[in-house]
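# Have a look at this prediction, sequence included:
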Amino acid sequence: MTGTAKLLTNLAFAMMVLFGVIGGLFIAGYAFEDLSTWAAIGSTAAWLVPTVLLCLLSFSAHPAVPTVFVVLSGLVATFTVLDATTHLVDRDAIGPVAAIGVFALAVSLAFLGRRRMSLAGILLVGLGVVQLVATGVGFVDEWRGGGGPGLGDLLTTSSGVIVVPMLLVGALFLVAGGLAHQSGRFWHLPPAARPAH
């Protein structure tokens with residue numbers, strides 16, 4: 001890995017970890033403010049435990065690990081779009097479940113990015129775009145009526161605030177992966193068969 005690629009990787013990782021700590025404190029703070037103590041502990045554990053487990057999984061060299069992150073990213077993206085368009089979860093009663101899922105996965109992708117910069121970058125940018133679209137879907141009716149928030153205001157909503165860090169960190173990982181000539185593929189190719197002599 002070149003020096004610049006390593007610097008960008010470390011910068012992207014540090015930015016997402018810092019965002020993860022601050023965002024995690026906000027999410028937990030709102031849970032303890034709005035819910036009973038045990039409900040807040042349960043709702044915090046519901047996203048924090050999987051996040052920690054995924055961060056630990058990212059350190060594994062097993063060839064299936066990248067595929068696990070790709071599949072999870074696809075599932076979270078699908079759920080996010082479905083929730084935005086069909087209101088699967090009552091946000092007023094339960095909270096922004098889809099956005100918290102995207103946040104938790106984004107933090108764990110930063111850990112994956114320490115080894116697989118290009119793949120982590122692709123997944124972070126993809127999830128960031130999905131989250132931006134999902135956030136915008138909630139304001140379509142207001143926009144049709146000539147109102148609604150502008151792009152800047154959209155990115156400061158509870159669901160939109162995670163978009164910019166994801167896109168920025170994803171872009172840094174992509175540049176680092178490009179400088180390191182790293183592939184974004186996630187499947188494991190068996191070694192080529194040797195010709196018989």
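Arrived safely.
# Could you find the closest non-adjacent residue to M16?
Excluding the flanking residues, the one nearest M16 by Cβ to Cβ, 6 or more residues apart in numbering is A110, at 3.5 Å. From N, CA and C alone the C-beta is placed, and that goes for glycine too.
# Restrict whatever helix or strand the one you found lives in to CA atoms and write it as PDB.
Here A110 sits within helix 97-112, counting by DSSP states H and E. This file holds the C-alpha atoms of helix 97-112, laid out as PDB (Å, rounded to 0.1, in the frame of the first residue of the first chain):
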ATOM      1  CA  VAL A  97     -35.000   2.100  12.700                       C
ATOM      2  CA  ALA A  98     -33.800   2.000   9.000                       C
ATOM      3  CA  ALA A  99     -31.500   5.000   9.500                       C
ATOM      4  CA  ILE A 100     -30.000   3.500  12.700                       C
ATOM      5  CA  GLY A 101     -29.400   0.200  10.700                       C
ATOM      6  CA  VAL A 102     -27.600   2.200   8.000                       C
ATOM      7  CA  PHE A 103     -25.600   4.000  10.600                       C
ATOM      8  CA  ALA A 104     -24.600   0.800  12.400                       C
ATOM      9  CA  LEU A 105     -23.500  -0.900   9.200                       C
ATOM     10  CA  ALA A 106     -21.600   2.200   8.000                       C
ATOM     11  CA  VAL A 107     -19.500   2.200  11.200                       C
ATOM     12  CA  SER A 108     -18.700  -1.500  10.700                       C
ATOM     13  CA  LEU A 109     -17.800  -0.900   7.000                       C
ATOM     14  CA  ALA A 110     -15.100   1.500   8.200                       C
ATOM     15  CA  PHE A 111     -13.500  -1.400  10.000                       C
ATOM     16  CA  LEU A 112     -13.800  -3.500   6.800                       C
END
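# so how far is L53 from F32?
For F32, the distance to L53 equals 23 Å [Cβ to Cβ, to the nearest Å].
# Those two: who's more crowded?
Set side by side, F32 and L53 show more neighbours around F32, with 15 against 11, by other Cβ atoms under 10 Å.
# For this protein, give me the ranges with low pLDDT.
Within the chain, the stretches with pLDDT under 70 are 1, 139, 141-154, 158, 184-197.
# quick check: longest helix of it.
With residue count as the measure and DSSP state H as the assignment, the chain has helix 3-34 as its longest helix.
# what sits up against the very next helix or strand once past it?
Per DSSP H and E, helix 3-34 leads on to helix 37-57 as the next helix or strand towards the C-terminus. For helix 37-57, the external contacting residues (Cβ atoms under 8 Å, 6 or more residues apart in numbering) are 20, 24, 27-28, 31-32, 34-35, 65, 68-69, 72, 95, 100-101, 103-105, 107-108, 111.
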